[in-house]
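Asks: What follows is a predicted structure for the sequence shown.
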Amino acid sequence: MPPPTGPVPMAGLVPEDLPGPGGVPLSRVAVIGGGPGGLYAATLLKRQDPAREITVWERNAPSDTFGFGVVLSDETLGGIRDADPVVYAALARELVHWDAIDIVHRGHLTTSTGHGFSALGRRRLLEILHARCAELGVRLRFRAEAPPAARLAAGHDLVVAADGVHSRTREAHADRFRPRITTHRCRYIWLAADFPFEAFRFEIAETEYGVMQLHAYPFSADSSTVIVEMREEVWRAAGFDALDEAESTSRCAKIFADALAGRALRSNNSAWTAFRTVVSDRWSHGTTVLLGDAAHTAHFSIGSGTKLAVEDALALTSALGAHPTLPEALAAYEAERRPVVASTQRAAAASLRWFEELAGHVDRPPRRFAFDLLTRSRRVTHANLRLRDPALTAAVERDFGCPPGTPPMFTPFPLRGLTLRNRIVVSPMDLYVAEDGVPGDFHLVHLGARALGGAGLVMTEMVCVSAHGRITPGCAGLWTDEQAAAWSRVTDFVHASAPGTAIGVQLGHSGRKGSTRRMWEGIDQPLPEGNWPLVAASPLPYRPGVNQTPHALDRAGMTAIREEFTAAARRAARSGFDLLELHCAHGYLLSGFLSPLTNHRTDAYGGSLENRLRFPLEVFDAVREVWPRDRPMTVRISATDWAEGGTTAEDAVAFARAFADHGADALDVSTGQVVPDEQPEYGRSYQTPYADRIRNETGVPVIAVGAISSWDDVNSLLLAGRADLCALARPHLYDPHWTLHAAAEQDYRGPAAPWPAPYRAGSRRPPTGRRETVT
């Protein structure tokens, strides 16, 4: 049976003593939108000061609702309990709880336990909040379109706009709230089943039209929410665009008949839609404040928009009670909530993107697929899942090939004739302290310390192939024998003092980004004097009016530069480097040929992707020819330019295939730094989805890089199959012995992370001193 539709009185529930009025003096408050967020804000504001006149406008009837179940976290429920024990007690009687996630992939069921969820029906939640509003004296105006916020503001001290993802308030004042709305690539529909699933269920259907997925969870003793989602092109190919609500519901039930045990699905004004991510630069304007989906959205695959809206209501009420003026309170509300919401949105974006690219994940074995799904948002990690579900985590580790007691990051990895003893790479980091291209003591200490620190592979900075190919006057090079001899000093130290650690060289040419000051003197700023001429794929300055315009390379110029690369590669081989990486990223010369934003050529080296690849591949082939056959070569690429019209993820896959076909042993997958007006989506491990896609579409080994900072993240990426090696830069600047310390923190003492003999006494974390308490 569906839940009852009328308001349920709070009989038997006795509220705590209400706090007296304080903070911002508010006599009249208008709330636009009678969803859970708006209703809960109204109850809290009325409870904070019973003298307030609070009115909620809701365009629908009290029994109308969209969607079915609502998931609430323990943290959110704790906030509700502390703020209004009456509402909490009513919710507690309705909530259903479970702790398992079932993942069905190619007929294989993997169950993960220890997660913890609570849910109830959305309609029942609204009934509880309607009843609480009535008890407190909040005026509810149903089937009533709210007046515009500007008009309400003229007669109210505060206007709370909780009018959802399609907020009219936000759009009416878009110049003040400055929303950015992104519509994503999947279609989904909210449905329900009249039985409770035993766990949160993810089920994958690989149909003739493409991959579809089911997300389902119980919300009462006899009902479950069911969401069916798929890419837009799959949705159209399957003919859903031509079906009405009833036909879509029936069709979904047939596709997921096994999950439903042949039972039907039901709808409730259900329509296919594409998720929209809303990010607002400001959440308040004058006396109007946005709350919940009106201000921000987060994809349903990591939780509930209701959860965020309820937490917004708690924070807003608290801020209004703690500050004397409305501007101060609204600023405090936004300051408290924005970092939390931003973190949630980053996790949601990672999860959303994973489901958008689901077709690229389904070929993983069942347990690895399950681990990949569980860790997709980066909020659940290897260490976290090991605590929640040690049995599943141990099985995934065995599948990966971890010997007992060995974390994934301390397993070996072969590259051609080289076997790295662990999966950690010290990423190339420009130092800008060379003299005439000659590496000195600083390079010896920098690279030597990190080799002693336990990494499997230590990479040099970009080593330039000519004086005119430098970024700054402080760049290291390999265009002279003197430079090669200085590099031999470094490689000799690494091989003698850190046996088992490999050292690689990254060769590159600055292109249009050369002849600039050292980073700490003004990044990308031209030299005050002594500038040298630049060359590039096209005569486009990096920043017009700031950087010089490069000369477009002709055939003779390209041939000369190709020979500079091969000469540098020969010197690198003689210097004793174990691996060579060709730098085709970050807007430097070879990257400038790859990106359509920087390559405007009309000859055989511009235009199509094949043509843009031509010169970088010529250089790669020439270097591979002179580089020792048993030593690996990798290529660093920018997998996206983070700019309109630039390199796409699809282009990056094509780049990877091309370099692999020409003999690249691995792709080092970075992003951006190609054009100055890029808009990166920064966040934890933010570049790894590009490495993941390349690895799983091409089968080419990948090095993941970009805001990977913890050994837990490394282990998670490796076990999920998103990377083969992980390159870290800043963590190794902070701690040259990052890898050894990661081993100590995981109680690993095996051969993949040996402490140098003079350092063995420090191989355990020092005990912390006791602090005496003086009373």
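Replies: Everything's here; your move. Numbering: from 1, shown residues only.
Asks: For residue 515, which non-adjacent residue is closest in space?
Replies: Nearest in space to residue 515, with sequence neighbours left out and distances taken as C-beta to C-beta, 6 or more residues apart in numbering, is residue 531 at 4.5 Å. Quick note: C-beta positions are derived from backbone N, CA and C, even for glycine.
Asks: Oh, that last question was meant for residue 374, not what I typed.
Replies: residue 380 (5.3 Å).
Asks: quick one, phi/psi of the one you found?
Replies: Per-residue torsions, residue 380: phi -100, psi 130 (degrees, to the nearest 10).
Asks: Can you tell me how far it is from residue 624?
Replies: According to C-beta to C-beta, to the nearest Å, residue 380 and residue 624 sit 41 Å apart.
Asks: if we can go back for a sec, assess the claim that the residue nearest to residue 515 and residue 548 are in contact.
Replies: Yes - the pair residue 531 / residue 548 is scored as a contact, 6.6 Å apart, by C-beta atoms under 8 Å.
Asks: Looking at these two, which is more packed in?
Replies: Remark: of residue 531 and residue 548, residue 548 carries more neighbours, 16 against 13, as counted by other C-beta atoms under 10 Å.
Asks: Bridged to the residue nearest to residue 256 when sequence neighbours are not counted, which residues?
Replies: Distances taken as C-beta to C-beta, 6+ apart put residue 214 closest to residue 256, at 4.9 Å, once the chain neighbours are dropped. Beta bridges link residue 214 to residue 203, residue 228 when assigned by DSSP bridges.
Asks: Mind giving me the packing neighbours of the longest helix anywhere in the chain?
Replies: Identified as the longest helix of the chain according to DSSP state H is helix 326-356. Packed against helix 326-356, as judged by 3 or more C-beta pairs under 8 Å, 6 or more residues apart in numbering; DSSP states H and E, are the following elements: strand 179-193, strand 273-280, strand 284-285, helix 305-322, helix 688-698.
Asks: now it: how far from the chain's centre is it?
Replies: How far helix 326-356 lies from its chain's middle: 14 Å, per C-alpha atoms, centre = their mean, to the nearest Å.
Asks: helix or strand for residue 660, which one?
Replies: Assigned by DSSP states H and E, residue 660 falls within helix 649-661.
Asks: Torsion angles phi and psi at residue 486?
Replies: With angles defined as degrees, to the nearest 10, residue 486 sits at phi -70, psi -40.
Asks: burial of it, as a residue count?
Replies: 22.
Asks: I'd guessed it sits against residue 441; true?
Replies: No - at 10.0 Å, residue 486 and residue 441 do not qualify as touching, with contact defined as C-beta under 8 Å.
Asks: dump the residue contacts of residue 558.
Replies: Contact analysis of residue 558 by C-beta atoms under 8 Å, 6 or more residues apart in numbering lists 605, 615, 618.
Asks: For residue 359, which three-state class applies?
Replies: helix (DSSP: H, G, I helix; E, B strand; the rest coil).
Asks: check which helix or strand covers the closest residue to it other than its chain neighbours.
Replies: Excluding the flanking residues, the one nearest residue 359 by C-beta to C-beta, 6+ apart is residue 211, at 4.6 Å. For residue 211, the host element (DSSP H and E) is strand 210-220.
Asks: and that strand with strand 179-193, angle?
Replies: Interaxial angle of strand 210-220 relative to strand 179-193 (axes from the mean of the first three to the mean of the last three C-alpha atoms, to 10 degrees): 70 degrees.
Asks: Remind me what strand 210-220 packs against, helices and strands.
Replies: Using 3+ C-beta pairs under 8 Å, 6+ apart: strand 210-220 touches strand 69-72, strand 96-98, strand 117-121, strand 200-207, strand 223-231, helix 232-237.
Asks: Taking strand 223-231 as reference, get the angle to it.
Replies: Going by the same axes, to 10 degrees, strand 210-220 makes 160 degrees with strand 223-231.
Asks: quick check: mean pLDDT across strand 210-220?
Replies: On average, the pLDDT along strand 210-220 is 97.
Asks: same check, this time on stretch 562-576
Replies: Per-residue scores along stretch 562-576 average to 98.
Asks: Contact partners for the closest residue in space to residue 179 that isn't next to it in sequence?
Replies: Excluding the flanking residues, the one nearest residue 179 by C-beta to C-beta, 6+ apart is residue 280, at 4.7 Å. Shown in contact with residue 280 (C-beta under 8 Å, 6+ apart): 170, 177-180, 290, 295-296.
Asks: Farthest-apart pair in those, please.
Replies: Pairwise distances across the contacts of residue 280 (C-beta to C-beta) peak at 13.6 Å, for the pair 180 and 290.
Asks: Comparing those two, which shows the higher neighbour count?
Replies: residue 290 (29 against 9).
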